[in-house]
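> missing the sequence, but the structure's below:
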């Protein structure tokens with residue numbers, strides 16, 4: 001049975017509410033939450049009727065969509081799930097769903113050889129793994145790194161929609177360094193993922209400068225239709241924006257040529273997974289492999305180098321070399337002789 005986008009938003013919102021057992025949900029509470037969600041995602045201002053929500057609850061309770069949701073009413077007033085672990089997102093795929101998803105995967109696989117669709121490869125692999133596992137009643141054979149408890153993931157959908165629909169966002173944001181949160185209007189241009197953290201890139205309403213915000217620092221978020229959206233008129237693209245950097249932050253400083261000696265033990269890992277797209281092999285000798293990268297000097301670059309510990313030695317430039325040396329010396333100091341006094345006897 002086909003379900004339109006608005007119905008899916010309503011079902012998911014009701015599901016989210018009923019899974020939150022720290023609050024008691026009346027029918028009016030559910031109506032309010034669903035109306036807010038429809039406004040945020042679809043811009044619907046008229047709200048939703050009592051009859052629609054009642055029909056949605058009945059649909060979720062039935063097997064027409066395969067939900068069979070155990071929704072009960074307690075004290076003749078409050079709605080909740082009888083099974084505290086239930087969620088409509090946990091139900092297994094039906095044979096019809098599996099068939100349609102298999103068809104979709106086969107279509108997407110046709111694009112894997114085209115350069116314009118290289119970014120689809122990981123998506124197709126994920127879908128193939130999940131479809132195969134569901135169809136054969138076994139665990140997925142492909143596992144991707146993920147952090148499902150990362151803060152801010154709930155904002156992804158709304159931010160994505162705001163970018164596609166060119167809508168201005170009003171958000172409450174507090175960086176790790178700020179003492180208090182600030183309120184700002186933000187014009188989002190694209191989303192950036194780096195090591196399982198998500199960032200949104202765009203401009204603030206009061207400045208044309210490009211800003212990167214971490215989703216896990218966003219405390220509140222909503223769409224503000226009263227403020228005109230500022231589009232990406234300069235044509236900035238992620239490919240061009242990050243060409244001289246590692247990570248999500250771009251300082252827009254002149255790139256430097258960093259030369260690094262990699263020990264024989266670690267060289268194979270760096271050669272098969274380059275630090276940066278500009279990486280080149282300068283020389284190979286008994287002490288290791290010397291590589292170079294043309295890149296901005298930022299915190300993410302230093303963290304990549306420090307992650308190899310004694311497996312890398314920065315040869316230049318001097319500023320990068322001195323920063324790495326100072327941090328390694330400070331780290332070594334954390335394991336001084338005094339620490340041996342705290343060791344427990346065997």
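Cool, the structure landed. Just so it is clear, the structure is predicted and the values come from calculations on it, not from any experiment. Numbers count the residues shown, from 1 in each chain.
> Quick check: chain neighbours aside, which residue is closest to residue 15?
residue 88 (4.7 Å; CB to CB, 6 or more residues apart in numbering). Any C-beta I mention is one placed from the backbone N, CA and C, and that applies to glycine too.
> Kindly report the same for residue 168.
Here the residue nearest residue 168, using CB to CB, 6+ apart, is residue 227, at 4.2 Å.
> Might you report the residue contacts of the residue nearest to residue 15?
Counting by CB atoms under 8 Å, 6 or more residues apart in numbering, residue 88 makes contact with 11-12, 15, 60, 67, 69.
> Give me the distance between residue 171 and residue 323.
33 Å (CB to CB, to the nearest Å).
> These two: who's more crowded?
residue 171 (23 against 17; other CB atoms under 10 Å).
> Would you mind identifying the next helix or strand past the helix or strand harbouring the more buried one?
Per DSSP states H and E, residue 171 falls inside strand 169-173. Next helix or strand after strand 169-173 toward the C-terminus (DSSP H and E): strand 182-194.
> Tabulate the contacts of residue 88 (a markdown table), appending secondary structure and pLDDT.
Below are these laid out as a markdown table (DSSP: H, G, I helix; E, B strand; the rest coil; pLDDT from 0 to 100):
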| residue | secondary structure | pLDDT |
| --- | --- | --- |
| 11 | helix | 93 |
| 12 | helix | 91 |
| 15 | helix | 93 |
| 60 | helix | 93 |
| 67 | coil | 86 |
| 69 | coil | 93 |
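> between those, which is nearest residue 155?
Using CB to CB, residue 12 comes nearest to residue 155 of those, at 14.9 Å.
> ok, and the closest non-adjacent residue to that closest one?
That would be residue 88: by CB to CB, 6+ apart, it lies 7.4 Å from residue 12.
> Flag the helix or strand of this protein with the lowest per-element mean pLDDT.
helix 121-135 (a mean of 60; mean pLDDT, DSSP states H and E).
> same for the strand or helix carrying residue 281, what does it pack against?
Secondary structure from DSSP H and E places residue 281 in strand 280-285. Contact here means 3 or more CB pairs under 8 Å, 6 or more residues apart in numbering; DSSP states H and E; on that basis strand 280-285 packs against strand 288-295.
> Counting neighbours, which bits of the strand it packs on end up buried?
By 16 or more other CB atoms under 10 Å, the buried positions in strand 288-295 come out as 288-293, 295.
> which residues touch the residue nearest to the spatial centre of the chain?
In the chain, the centroid-proximal residue (CA atoms, centre = their mean) is residue 198; its distance is 3.8 Å. The contact partners of residue 198, by CB under 8 Å, 6+ apart, come to 150, 152-153, 156, 191-192, 214-216.
> CSV for the residues you listed, including secondary structure?
Listed next are the contacts of residue 198 as CSV, based on DSSP: H, G, I helix; E, B strand; the rest coil:
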residue, secondary structure
150, coil
152, coil
153, helix
156, helix
191, strand
192, strand
214, strand
215, helix
216, helix
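> Buried by neighbour count, from those residues: which ones?
Looks like these have 152, 191-192, 214-215 buried, using 16+ other CB under 10 Å.
> The strand holding residue 281: partners in the sheet, and parallel or antiparallel?
Strand pairing for strand 280-285, using DSSP bridges, gives strand 288-295 (antiparallel).
> any low-confidence regions in the stretch 1-150 of the chain?
Where the stretch 1-150 of the chain drops to pLDDT under 70, the residues are 1-3, 91-148.
> can you rerun that using 90?
For the stretch 1-150 of the chain, the stretches flagged by pLDDT under 90 are 1-8, 21-22, 37-48, 63-68, 84-85, 88-150.
> Walking through it, point out its helices one by one.
For the stretch 1-150 of the chain, the helices defined by DSSP state H, counting those that start in this stretch occupy 5-19, 27-42, 50-61, 95-109, 121-135.
> ok, back up a step: highest neighbour count among the contacts of residue 88?
residue 69 leads the contacts of residue 88 on contacts (other CB under 10 Å) with 24 neighbours.
> list the contacts for that one?
15, 60-61, 81, 86, 88.
> Backbone dihedrals for it, please?
Main-chain dihedrals, residue 69, degrees, to the nearest 10: phi -70, psi 130.
> And for residue 234?
Dihedral angles for residue 234 - degrees, to the nearest 10 - are phi -80, psi -10.
> burial of it, as a residue count?
9.
> Name the residues of stretch 30-42 that come out as buried.
In stretch 30-42, counting by 16+ other CB under 10 Å, buried: 30-31, 33-35, 37-41.
> swap in stretch 222-240?
223, 229-230, 232.
> ditto for stretch 57-74
Neighbour-count burial for stretch 57-74 [16+ other CB under 10 Å]: 57, 59-60, 65, 67, 69, 71.
> just how off-centre is that stretch within its chain?
31 Å (CA atoms, centre = their mean, to the nearest Å).
> just stretch 199-214 next, same as before
The answer for stretch 199-214 is 17 Å, by CA atoms, centre = their mean.
> quick one: contacts of that stretch?
Outside stretch 199-214, the residues touching it (CB under 8 Å, 6+ apart) are 152, 159, 168, 171, 173, 175, 184-193, 197-198, 215, 227, 230, 236, 238, 241, 248-250.
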